[in-house]
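Q: starting from these lines, generate the structure:
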Amino acid sequence: KTNRIWEIDFLRGVAIIFMSLFHLLYDLSEFYKFNIDYTSGVIDLMGETSALMFITLTGISCSLSKNNLKRGLKILFFALTITIVTYIYDVNTYINFGILHLLGISILLHYLFRSLKTYQLLLAGTIIIIVGNIFSQLSVSTNYLIPFGLTSPYYAALDYYPLLPYFGVFLYGMVLKNVFYPQKRSLFKSTFNDNLINMLGRHSLFIYLTHQPVILAILFLQHKIGLLETFV
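A: Purely as a prediction, here's the structure:
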């Protein structure tokens with residue numbers, strides 16, 4: 001714990017808070033018909049920011065870690081679990097390449113990119129982002145290319161983060177590690193590393209896996225006792 005870079009945990013904790021708030025508002029809109037537009041404005045920005053923070057911070061922390069094979073396989077195991085659970089929930093919108101799929105594969109792909117120089121990582125990340133944004137404007141006749149950002153017009157998923165463009169964001173995280181953490185030490189001397197936000201950041205995977213069932217359970221109980229109807 002003393003060797004951890006506290007500001008990375010802090011930023012990851014902020015991302016967890018943003019993500020949880022976004023999903024709370026999403027659930028209220030989708031399941032309890034609250035008049036909340038989560039597809040635009042501040043709420044949409046909060047959701048997108050949390051995802052980009054997770055991806056970037058994973059690129060940084062992956063470059064600091066010596067245990068990436070285990071981490072990548074562990075995340076992919078949970079990603080597959082989410083695929084199975086959401087497939088049972090709704091076969092038409094199940095998560096087949098969500099953010100955990102992206103992070104798990106990106107961590108494994110890290111081995112192919114870790115020897116590149118900083119400017120090469122920056123160039124590769126930029127090209128991937130540009131190509132991915134071009135692909136997002138196209139459609140193909142099959143969904144077998146969804147990991148690369150190419151989908152059919154009928155594709156739908158509860159969560160979708162393809163390698164193109166988002167692996168480019170991960171590579172940007174590797175760039176930030178090279179620039180700001182070449183010595184693998186915190187940029188700031190601080191005793192501000194044992195607060196609630198840092199604790200959330202240190203347990204981000206567990207919170208990611210459990211926060212939605214917890215939120216839905218709390219909302220369900222409030223609905224049953226009539227509290228939600230008061231705020232509709």
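Q: show the average pLDDT along stretch 83-101.
A: Averaged over stretch 83-101, pLDDT sits at 95.
Q: hang on, I meant stretch 174-189
A: On average, stretch 174-189 scores 91.
Q: can you list the buried residues in that stretch?
A: 174-178, 181, 186 (16 or more other Cβ atoms under 10 Å). The C-beta positions use only the backbone N, C-alpha and C, and glycine is treated the same way.
Q: ok, and the closest non-adjacent residue to residue 138?
A: Distances taken as Cβ to Cβ, 6 or more residues apart in numbering place residue 150 nearest to residue 138, at 6.4 Å, with adjacent residues excluded.
Q: quick one, what contacts the one you found?
A: By Cβ atoms under 8 Å, 6 or more residues apart in numbering, residue 150 lies in contact with 135, 138-140.
Q: in PyMOL, select just the buried ones from these.
A: Buried residues within the contacts of residue 150, by 16+ other Cβ under 10 Å, are selected in PyMOL with:
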select buried, resi 135
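Q: and the contacts of residue 150 as CSV, adding distance to residue 33, secondary structure and pLDDT?
A: Below are the contacts of residue 150 laid out as CSV (distance: Cβ to Cβ, whole Å; DSSP: H, G, I helix; E, B strand; the rest coil; pLDDT from 0 to 100):
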residue, distance to residue 33, secondary structure, pLDDT
135, 35, helix, 96
138, 35, coil, 95
139, 31, coil, 93
140, 35, coil, 95
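Q: of the contacts of residue 150, which is the nearest to residue 212?
A: Nearest to residue 212 out of the contacts of residue 150 is residue 135 (Cβ to Cβ; 28.3 Å).
Q: how about the closest one, nearest residue that isn't a chain neighbour?
A: residue 149 (4.0 Å).
Q: and for residue 102?
A: Excluding the flanking residues, the one nearest residue 102 by Cβ to Cβ, 6+ apart is residue 161, at 4.3 Å.
Q: with residue 180 instead?
A: Nearest non-adjacent residue to residue 180 (Cβ to Cβ, 6+ apart): residue 187, at 6.1 Å.
Q: that neighbour sits in which helix or strand?
A: Assigned by DSSP states H and E, residue 187 belongs to neither a helix nor a strand.
Q: same question for residue 39.
A: Short version: residue 39 belongs to no helix or strand, going by DSSP H and E.
Q: list the residues that contact residue 37.
A: Residue 37 touches 29, 43, counting by Cβ under 8 Å, 6+ apart.
Q: and the lengthiest helix in the chain, what does it pack onto?
A: In the chain, with assignment by DSSP state H, the single longest helix is helix 6-32. Helices and strands touching helix 6-32, by 3 or more Cβ pairs under 8 Å, 6 or more residues apart in numbering; DSSP states H and E, are helix 41-64, helix 196-202, helix 204-224.
Q: centroid-nearest residue for this structure?
A: residue 51 (4.1 Å; Cα atoms, centre = their mean).
Q: got a list of what it touches?
A: 19, 99, 161 are the contacts of residue 51 under Cβ under 8 Å, 6+ apart.
Q: make JSON lines from those residues and add distance to residue 42 and neighbour count to it.
A: Formatted as JSON lines, the contacts of residue 51 follow (distance: Cβ to Cβ, whole Å; neighbours: other Cβ atoms under 10 Å):
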{"residue": "19", "distance to residue 42": "14", "neighbour count": "23"}
{"residue": "99", "distance to residue 42": "21", "neighbour count": "22"}
{"residue": "161", "distance to residue 42": "21", "neighbour count": "24"}
